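> Structure for the following, please:
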Amino acid sequence: MRIVIAGAVVAALALIACLPLYAFPASDEPRAVDAVYVIGPPTDTRMELAEQMIADGLADTLVVSLVEDDAEKREAMERAAELCDAPDAWGFEVLCSQPEPFTTRGEARWMRELVESYGWESVAVITIRPHLTRTRVIMERCWDGDIAYVDSGETLAPWYWAYQFAYQTAGFAKVALQDGC
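Numbering: from 1, shown residues only. You can find the predicted model right below:
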C-alpha cells in the first residue's frame, strides 16, 4: 500500500512540475515576422492561424513542415495540401518540405537553412501548446535569431493532453542527451 501511495505522490508531483512546461508555457502573440513556420503536423487549425497572420500583413512567407504521405494524416491537413500542391497560386510565398529527420530537431535545422538562404531576421513558429517549450529549446539551439512561439489554439482532448505530457517528457529526455542543433 505504501508503494502505491508513494507512486501516486510521485506521479502527482511530476504532473504539477510539468504544468508550466506543457499546459502554461511561455508563448507569443502573432506579430510581424519575415516568415510563419507551421511545424508538423500542419493541421488545418495551424494553417488557418498562419494564413490569418499573412492576411493581417504580419508576414509574406509561409513555411510548412509536411508529414509523410499518409492518407489518414493528410485528411486532417487538407489546407496544407492545397497550399503546398500549388505554392505559386496564393499571392504569398509558400515553402513546403518534409524535414529530414521528421522531428522537431529536423524542423529546426530546416528553419536554419531557410533563414540562411533567405536572409530572414525573424520567424514565427506555430505549434500546439504542450509542444511550445520543447520547440523553443530545440529551435534556439539551431538559430539565435528572433523567433516568436505561437500557440495554435487547438482544442485537445483530455486523453491527448495525457499523451502529450508523456510524449513531451520523453522528448525532453532525448533533448537532454543531444548537443547543439
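> so how far is residue 97 from the closest residue to residue 141 other than its chain neighbours?
When the adjacent residues along the chain are set aside, residue 141 lies closest to residue 181, with 5.1 Å between them (C-beta to C-beta, 6 or more residues apart in numbering). C-beta here means a position set from N, CA and C on the backbone, and glycine is covered the same way. Residue 181 is 17 Å from residue 97, where distance means C-beta to C-beta, to the nearest Å.
> any residues touching the host helix or strand of residue 82, and which ones?
Assignment of secondary structure by DSSP states H and E places residue 82 within helix 78-85. Around helix 78-85, the neighbours that count as contacts under C-beta atoms under 8 Å, 6 or more residues apart in numbering are 38, 42-44, 47-48, 51, 62, 64, 66, 74, 90, 94, 96.
> Throw those into TSV and include secondary structure and pLDDT, thanks.
Formatted as TSV, the entries for the contacts of helix 78-85 read as follows, by DSSP: H, G, I helix; E, B strand; the rest coil; pLDDT from 0 to 100:
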residue	secondary structure	pLDDT
38	strand	97
42	coil	93
43	coil	92
44	helix	92
47	helix	95
48	helix	95
51	helix	96
62	strand	97
64	strand	95
66	coil	88
74	helix	60
90	coil	88
94	strand	95
96	strand	94
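> and of those residues, the nearest to residue 102?
When the contacts of helix 78-85 are compared for distance to residue 102, the smallest value, 8.5 Å, is given by residue 66; criterion: C-beta to C-beta.
> now that closest one: how far from residue 104?
Between residue 66 and residue 104 the distance is 14 Å, computed by C-beta to C-beta.
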